[in-house]
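Participant: Any chance you can model this:
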Amino acid sequence: MKKLLLSYFVLSLGSSLALAKDTSMPIVIGSAGQWSSTTIEAANNPVAKEYLNKGKAATITGEIVDVSCYLQLGKRGEKHSDCGTKCVKNGQPLGIVDANNKLTILFVEEHHPRRDGKLSLRDKFASLMGKTVIVSGMMTETNGNAALFVQAAD
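Facilitator: Below you'll find the predicted structure:
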């Protein structure tokens with residue numbers, strides 16, 4: 001009986017380690033929810049409040065891209081990860097391209113800290129360039145342009 005339990009433990013441990021090493025599982029970032037207090041405060045007129053009211057909690061699965069190279073040259077994927085990482089670290093915008101090839105721009109959700117340069121998604125996402133991730137936040141769409149606002153602290 002002890003050998004059976006030990007064998008089961010070793011098999012279970014081995015399975016857990018195999019799952020932990022499995023890098024094919026997408027990385028999950030962010031949490032869908034609601035606008036932060038600084039964003040609500042920034043909506044200080046009826047038009048801005050209308051925009052916020054159109055926002056919806058959303059989750060997107062897709063590939064992280066640097067928007068500049070993606071839109072200018074169609075570059076993406078693992079082969080472009082070094083260049084994309086440099087572009088993002090040096091100020092180019094981030095995006096996520098889903099299975100339908102829809103590009104959504106990624107932004108820090110917290111309005112005042114973003115505006116003041118205190119929060120950024122660059123470090124968090126630069127190392128994920130060309131990888132498939134699952135990102136959650138607050139989605140807005142304006143004139144066919146989509147943006148996902150991600151809590152920087154998530």
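Participant: where does the residue nearest the centre of the chain land on pLDDT?
Facilitator: Among the residues of the chain, Val135 comes closest to the average C-alpha position under Cα atoms, centre = their mean, at 3.8 Å. Note for Val135: predicted pLDDT of 95.
Participant: same check, this time on Leu13
Facilitator: The predicted local confidence for Leu13 comes out at a pLDDT of 36.
Participant: quick one: buried residues of stretch 76-93?
Facilitator: Buried positions in stretch 76-93, judged by neighbour count with 16 or more other Cβ atoms under 10 Å: 76, 80-81, 84-85, 87-88, 92-93. Yep, even glycine has a C-beta here, placed from its N, CA and C like the rest.
Participant: Save those as JSON lines, and put in distance to Thr140 too.
Facilitator: Compiled in JSON lines, the buried residues of stretch 76-93 are given as follows (distance: Cβ to Cβ, whole Å):
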{"residue": "Arg76", "distance to Thr140": "23"}
{"residue": "His80", "distance to Thr140": "27"}
{"residue": "Ser81", "distance to Thr140": "28"}
{"residue": "Gly84", "distance to Thr140": "24"}
{"residue": "Thr85", "distance to Thr140": "26"}
{"residue": "Cys87", "distance to Thr140": "24"}
{"residue": "Val88", "distance to Thr140": "21"}
{"residue": "Gln92", "distance to Thr140": "21"}
{"residue": "Pro93", "distance to Thr140": "15"}
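Participant: Can you flag which of those belong to helices?
Facilitator: Secondary structure assignment (DSSP state H) places 81, 84-85, 87-88 from the buried residues of stretch 76-93 within helices.
Participant: Which phi and psi values does the residue lying closest to Gly77 once chain neighbours are set aside adopt?
Facilitator: In this structure, Gly77 finds its nearest non-sequential neighbour in Gly130, 5.1 Å apart by Cβ to Cβ, 6 or more residues apart in numbering. Note on Gly130: backbone dihedrals following degrees, to the nearest 10 are phi 80, psi 0.
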